[in-house]
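Q: Kindly generate the corresponding structure for this input.
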Amino acid sequence: MAPTNIAVTIKKDGTYMFNGKKSEKSKINQLVNSELTKADDVTVNDATLTIIAEKGVEWKSIYELMEIANKNKMRAIIATQPKKS
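A: Presented below is the predicted three-dimensional model:
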């Protein structure tokens, strides 16, 4: 069974990581589609795109990833750092 949780990291310098591997921004949609193609129907229905953005990343970059998730009928969550006590 293919993973249902896909993680995309965006760094302040514009670097993108797809499931921990450096990737071009222009290839993220293709990579998401590829992962979903590997999954069965039950897995696809539970697919989640986790967006991990460093502090200072432009909102537009995050929004573009949310649009990819939406087009693929996936949930999208934005990972944040917990507040320090």
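Q: Now do the contacts for the closest residue to Met17 other than its chain neighbours.
A: In this structure, Met17 finds its nearest non-sequential neighbour in Thr9, 3.9 Å apart by Cβ to Cβ, 6 or more residues apart in numbering. C-betas here are computed from N, CA, C, even on glycine. Contacts for Thr9 were tallied using Cβ atoms under 8 Å, 6 or more residues apart in numbering; they are Tyr16, Met17, Gly20, Ile52, Ala53, Glu54.
Q: measure Ala79 to Gln30 for me?
A: As judged by Cβ to Cβ, to the nearest Å, Ala79 and Gln30 stand 22 Å apart.
Q: still on that earlier bit, secondary structure element holding the residue nearest to Met17?
A: Element membership for Thr9, per DSSP states H and E: strand 5-10.
Q: Could you check how far Met17 is from Asp46?
A: Met17 sits 22 Å away from Asp46, going by Cβ to Cβ.
Q: Those two: which is more packed in?
A: Between Met17 and Asp46, counted using other Cβ atoms under 10 Å, the more crowded position is Met17 (15 against 11).
Q: hang on, the earlier thing: run through the neighbouring helices and strands of the helix or strand just after the strand holding Thr9.
A: The C-terminal neighbour of strand 5-10 among helices and strands, as given by DSSP H and E, is strand 16-18. Strand 16-18 sits against strand 5-10, strand 21-23, helix 28-38, with contacts defined as 3 or more Cβ pairs under 8 Å, 6 or more residues apart in numbering; DSSP states H and E.
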